[in-house]
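Peer 1: After the sequence you'll find the predicted model.
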2 protein chains.
Amino acid sequence: MTWLDLSADTGFGVSNLPYGVFSTPGAAPRTGVAIGDAVLDLAAVTGDPVHATGTLNAFLAQGPAAWAAVRARLTEWFTDAWHRATVEPHLVPRDAVTLHLPIDVADYVDFYSSQHHAENLGRMFRPGSPPLTPNWKHLPIGYHGRAGTVQLSGTPVVRPSGQRKAPADEVPTFGPSRRLDIEAEVGFVVGVPSRLGEPVPVGAFTEHVFGVCLVNDWSARDLQAWEYVPLGPFLGKSFLTSVSPWVVPLAALEAARTDPPLRDEELLPYLDDRKERWSLNLQLEVRLNGAIVSNPPFAPLYWTPAQQLAHLTVNGASLRTGDLFASGTVSGPERNQRGSLIELSENGAEPLALPDGTTRTFLEDGDVVTISATAPGPDGTRLSLGEVTGRIEPVR
Amino acid sequence: MTWLDLSADTGFGVSNLPYGVFSTPGAAPRTGVAIGDAVLDLAAVTGDPVHATGTLNAFLAQGPAAWAAVRARLTEWFTDAWHRATVEPHLVPRDAVTLHLPIDVADYVDFYSSQHHAENLGRMFRPGSPPLTPNWKHLPIGYHGRAGTVQLSGTPVVRPSGQRKAPADEVPTFGPSRRLDIEAEVGFVVGVPSRLGEPVPVGAFTEHVFGVCLVNDWSARDLQAWEYVPLGPFLGKSFLTSVSPWVVPLAALEAARTDPPLRDEELLPYLDDRKERWSLNLQLEVRLNGAIVSNPPFAPLYWTPAQQLAHLTVNGASLRTGDLFASGTVSGPERNQRGSLIELSENGAEPLALPDGTTRTFLEDGDVVTISATAPGPDGTRLSLGEVTGRIEPVR
């Protein structure tokens, strides 16, 4: 129950309370909490300078006790009408604010944790070889991406140029990517740092990770295919990675937690997460020019974020506040659950038919891609993770 | 000529003037310039707050005109005895200061630009395949590393643990790396950012890059070999990357510039650096427990840093102040010019004999590795790039 006049189907109800950074004309970026169609100006209502820095990092660094305290206070404010006079003056209509990148990204790591995605891509990138590499079921494969080009949802996606070489070509040519793609992913935001040399076990996941956002890891498949052996993806990814503006706290996702899937290979002890329940029952949706083209389910992912974090740090690598690690493309077993166009179009061989009568293999200039997601809430409602969107602009 | 009493063979003479960050007891870290056996307290002598921030980033962001102005002033101060009374009170003995990581590292990229190194590693990691992948002579292969674990020279190198799987093993095992290695590299520090979507051409190298440091890209070869297909090195590298404390400005390396090597494949226009001269005649030295084990030459590298920067940004990826990109292991054609132990020991098959009567394939606990380098100065002397060192500590 809340004194707020929320629509029945809002994804930003009292059980969600995601954090973002917003500004209004003439005022500096500050921390806000999305509630219904509004943003609560957390800096103004609390007077706490930690919420006035223009990124969530300082608050995230305070750790789980501080996160819980603020969440408890927000819940009380929004549910007890006694607080209405205090809170209501600091609610700003969401359509009147400018949103900003919520975190100052430290390191960005991208995993590869959907077996369906890895198998689909393995077939396409390495025809004739087994689709999964021998290590795939023993460790959550990941790599570092470019933190400096992680940008807010809505940032224009300028078609990148680079070297492409089709198998039939003698030498590579230079030009705009012809195989520009999306990757629908879920990102995890680190709040509490760890020390160099001290691994973070699977059981310490919530001591370090604050929350979740959506990620579109834009990918130029032609650049990627030519460059990625032997040191991995580089320019095929580094031109832009988009993230959603609202970071949903793990605390809001209790009802979404579910048992991890059965694994085919015995896990090494540091990856054993059978006592944890960090598979998350999130339902993603991918829209291309408004039409739903896919509904990837997050729960079946082979590797959970708790395992990803344990693996990332098992060699002693330290965490910093603002580290972002993403799941890798979320693809389910069904054709209409695939999280990238290269999968949806079978490597371009089977174009997608859109409702406007056009077809797509890869992205064309002017296309708009929007990824959204929902999670079960504590009360049978569904929480929204917001959305991450981007429009393709012609090469410059 | 200088009024300073410098030893004839100092590598930190008036033509070098590298920048670092230092502190003294009771005083905060600030920018210093190495000169002879001293550090000039740049914050104190200039009174400019840009030098009192505790990293070089703010100064680096000011760009080439500011860098040249400070360098001209330093040169005048050290060569004109009239300034002695102003400057001398701000010289601190180098052995009395604590050095700090000179830059706040934004993104860290590691290239793979020595043909000898790539061929040596290709033979070892992919026996039976051509040592160079088909893309190698068409683009400077690189990947993103972990910026958060780039640390100052001297940081203990704790032996990392992780998954290893020898070809004969059925499944991977977990434990301390048995094949801990070095990679002797040269790093380039970006001062001036670039905008998303705007490539930096080879000719704009000096508009963005401030200077050079030495890098030891510590590598756990067993972790790397098992994890790196298909997305590249991850935990085999991310536990620690060490950098030298003194950043030598490009302006000090004019006499080291030399023509790039002839290339076997025609370069795409964006990589054409024939009008630039950004091969650098640096001579590296690798010492293991005090004994020189290698002298890698930097000039023969196939890809120059100007090409690396042009490639890194050609897809529109933006630069930030503090970006660090490294050359990849520097290995020359001769056996005693190889920049890693896996190469020096022929993948462990031919142990190195050390003067103390022991042998090495990979690093043992207690080993100390120090990489240093010199460059020709303008006056027939040699400049020092300082050194990057580290001692191996047992697994925790």
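Peer 2: Here it is on my side, so go on. Everything numeric in this text was worked out from a predicted model, so none of it was measured.

Peer 1: hey, where'd the helices end up in chain A?
Peer 2: A:42-46, A:57-61, A:64-79, A:84-87, A:115-125, A:205-208, A:221-227, A:235-238, A:305-313, A:341-344 (DSSP state H).

Peer 1: Please tabulate those in CSV and include distance to residue A:377, mean pLDDT and mean neighbour count as additional columns.
Peer 2: For the C-beta atoms, the positions are set from N, CA and C on the backbone; glycine is no exception. Formatted as CSV, the helices of chain A follow (distance: least, Cβ to Cβ, whole Å; pLDDT from 0 to 100; neighbours: other Cβ atoms under 10 Å in any protein chain shown):
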stretch, distance to residue A:377, mean pLDDT, mean neighbour count
helix A:42-46, 21, 98, 21
helix A:57-61, 23, 98, 20
helix A:64-79, 13, 98, 16
helix A:84-87, 21, 96, 13
helix A:115-125, 27, 93, 20
helix A:205-208, 19, 98, 18
helix A:221-227, 37, 97, 24
helix A:235-238, 33, 98, 28
helix A:305-313, 20, 98, 26
helix A:341-344, 29, 98, 26
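
Peer 1: nearest to chain B, of those?
Peer 2: helix A:235-238 (4.3 Å; Cβ to the nearest Cβ).

Peer 1: That closest one near chain B anywhere?
Peer 2: Yes. Using Cβ under 8 Å from any Cβ of the partner chain, we find that helix A:235-238 touches chain B at A:235-236, A:238.

Peer 1: Close to chain B: what parts of the stretch 151-300 of chain A are there?
Peer 2: Residues of the stretch 151-300 of chain A lying near chain B (Cβ under 8 Å from any Cβ): A:151, A:155, A:158, A:160-163, A:165, A:171-174, A:196-199, A:220, A:223, A:226-236, A:238-240, A:265-266, A:268-270.

Peer 1: in chain A, which strand has the most residues?
Peer 2: If you go by DSSP state E, chain A has its longest strand at strand A:382-393.

Peer 1: Without its sequence neighbours, what residue ends up closest to whichever residue of chain A sits closest to chain B?
Peer 2: Using Cβ to the nearest Cβ, residue A:232 is the residue of chain A that sits closest to chain B, at 2.3 Å. Of all residues not flanking residue A:232 in the chain, residue B:232 sits nearest, at 2.3 Å (Cβ to Cβ, 6 or more residues apart in numbering or on different chains).

Peer 1: Distance from the chain centre to stretch A:220-239, please.
Peer 2: 20 Å (Cα atoms, centre = their mean, to the nearest Å).

Peer 1: still on that earlier bit, I'd say the residue of chain A closest to chain B and residue B:233 touch.
Peer 2: Yes. If you go by Cβ atoms under 8 Å, residue A:232 and residue B:233 touch, sitting 7.4 Å apart.

Peer 1: since we're on the residue nearest to residue A:232, how many residues are nearby?
Peer 2: 27 (other Cβ atoms under 10 Å in any protein chain shown).

Peer 1: and it, what does it touch?
Peer 2: A:143, A:228, A:230-233, B:143 (Cβ atoms under 8 Å, 6 or more residues apart in numbering or on different chains).

Peer 1: any idea how far residue A:141 is from it?
Peer 2: 10 Å (Cβ to Cβ, to the nearest Å).

Peer 1: what's the answer for residue A:220, then?
Peer 2: From residue A:220 over to residue A:141 the distance is 20 Å, taken as Cβ to Cβ.

Peer 1: just residue A:332 next, same as before
Peer 2: 19 Å.

Peer 1: Please apply the same query to residue A:358.
Peer 2: Using Cβ to Cβ, residue A:358 is found at 35 Å from residue A:141.

Peer 1: out of these two, which sits in the busier spot?
Peer 2: More crowded of residue A:358 and residue A:141, by other Cβ under 10 Å: residue A:141, with 26 against 12.

Peer 1: Kindly state the pLDDT recorded for residue A:396?
Peer 2: Per-residue pLDDT puts residue A:396 at 89.

Peer 1: Wait, it touches residue B:197, no?
Peer 2: Yes. Residue A:396 lies in contact with residue B:197 (Cβ under 8 Å); the separation is 5.9 Å.

Peer 1: joint contacts of those two?
Peer 2: Any residue near both residue A:396 and residue B:197 by Cβ under 8 Å, 6+ apart counts here, and that gives A:158, B:316.

Peer 1: can you give me the strands for the stretch 251-396 of chain A?
Peer 2: A:257-258, A:279-280, A:283-288, A:291-294, A:324-326, A:352-353, A:359-360, A:368-376, A:382-393 (DSSP state E, counting those that start in this stretch).

Peer 1: any idea which of the ones you listed is most buried?
Peer 2: strand A:324-326 (a mean of 26; mean count of other Cβ atoms under 10 Å in any protein chain shown).

Peer 1: Tell me the helices and strands packed up against that strand.
Peer 2: Judged by 3 or more Cβ pairs under 8 Å, 6 or more residues apart in numbering or on different chains; DSSP states H and E, strand A:324-326 is in contact with strand A:108-111, strand A:184-190, strand A:209-216, helix A:305-313.

Peer 1: lowest-confidence helix or strand of chain A?
Peer 2: The least trusted helix or strand in chain A, going by mean pLDDT, DSSP states H and E, turns out to be helix A:115-125, with a mean of 93.

Peer 1: gap between it and the chain center?
Peer 2: Helix A:115-125 sits 20 Å away from the centroid of its parent chain (Cα atoms, centre = their mean).

Peer 1: which secondary structure elements does it contact?
Peer 2: Helix A:115-125 is packed against helix A:341-344, with contacts defined by 3+ Cβ pairs under 8 Å, 6+ apart.

Peer 1: hmm, the helix it packs on touching chain B?
Peer 2: No. Helix A:341-344 lies out of reach of chain B by Cβ under 8 Å from any Cβ, never closer than 14.6 Å.

Peer 1: elements contacting that helix?
Peer 2: So helix A:341-344, by 3+ Cβ pairs under 8 Å, 6+ apart, packs with helix A:115-125.

Peer 1: show me what contacts the closest residue in space to residue A:265 that isn't next to it in sequence?
Peer 2: Sequence neighbours aside, residue A:137 is the residue nearest to residue A:265 in space, at 4.3 Å (criterion: Cβ to Cβ, 6+ apart). When the contact criterion is Cβ under 8 Å, 6+ apart, the partners of residue A:137 are A:263-265, A:302.

Peer 1: repeat for residue A:367
Peer 2: Residue A:367 is in contact with A:288-289, A:360, A:391-392, counting by Cβ under 8 Å, 6+ apart.

Peer 1: Need the max-distance pair from the residues you listed.
Peer 2: Within the contacts of residue A:367, A:360 and A:391 form the most distant pair, 14.5 Å apart (Cβ to Cβ).

Peer 1: Might you list the low-confidence residue ranges for the stretch 201-350 of chain A?
Peer 2: Applying pLDDT under 70 to the stretch 201-350 of chain A flags no residue at all.

Peer 1: if I look at residue A:172, how far off is residue B:320?
Peer 2: 28 Å.
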